[in-house]
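**Q** Take a look and give me a structure for this.
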Amino acid sequence: MTTEHPIQMLADTHIIPMLLFLYGNGPSAKTEVYKAVGRSANMPAKIDRLREAGLVTVEVVGFSEIVGLTDVGGRIAGILADVDALMSSQ
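**A** Residues are numbered from 1 along each chain as shown. A predicted model of the protein is given here:
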């Protein structure tokens, strides 16, 4: 059995855009994340993967599920934002 290297998660569709969205917008309802990033049927599973990896938290507030970055998730998203800015300036 082979174990996926943790960084492989970033290669999955929508993962980096979700992290960047949360980095730029702060904790957001799942519906806001879906609207901004994509409405794939797999989005809830992707958020679950990020939660299991310790990159996001999911908290029920009223009728909404709020997704936020953990400290580690915020650090990773910050690095990704820096990479995005460098690549955008070329």
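**Q** hmm, who's touching the longest helix anywhere in the chain?
**A** When every helix of the chain is counted residue by residue (DSSP state H), the longest turns out to be helix 71-88. Contact with helix 71-88 is made by Leu10, Ile16, Leu19, Leu20, Leu22, Tyr23, Gly24, Leu50, Gly54, Leu55, Val56, Leu69, as judged by CB atoms under 8 Å, 6 or more residues apart in numbering. Heads up, the C-betas are built off the backbone N, CA and C, glycines and all.
**Q** Now the buried members of those residues.
**A** For those, a neighbour count by 16 or more other CB atoms under 10 Å gives the buried set as Ile16, Leu19, Leu20, Leu22, Tyr23, Leu50, Leu55, Val56, Leu69.
**Q** Of the residues you listed, which belong to helices?
**A** The helices, defined by DSSP H, take in Ile16, Leu19, Leu20, Leu22, Tyr23, Leu50 from the buried ones among the contacts of helix 71-88.
**Q** quick one: which of these is nearest Lys35?
**A** Using CB to CB, Leu22 is the member of these that lies nearest Lys35, at 13.3 Å.
**Q** Show me what counts as buried in the longest helix of the chain.
**A** Neighbour-count burial for helix 71-88 [16+ other CB under 10 Å]: Gly73, Gly74, Ile76, Ala77, Leu80.
**Q** could you dump these to JSON lines with pLDDT and distance to Ser28?
**A** Below are the buried residues of helix 71-88 laid out as JSON lines (pLDDT from 0 to 100; distance: CB to CB, whole Å):
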{"residue": "Gly73", "pLDDT": "97", "distance to Ser28": "13"}
{"residue": "Gly74", "pLDDT": "98", "distance to Ser28": "14"}
{"residue": "Ile76", "pLDDT": "97", "distance to Ser28": "17"}
{"residue": "Ala77", "pLDDT": "98", "distance to Ser28": "13"}
{"residue": "Leu80", "pLDDT": "97", "distance to Ser28": "17"}
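**Q** Just give me the neighbour total for the closest residue to Asp12 other than its chain neighbours.
**A** Nearest residue to Asp12 in three dimensions, chain neighbours excluded: Lys46, at 6.6 Å (CB to CB, 6 or more residues apart in numbering). Other residues within reach of Lys46, judged by other CB atoms under 10 Å, total 19.
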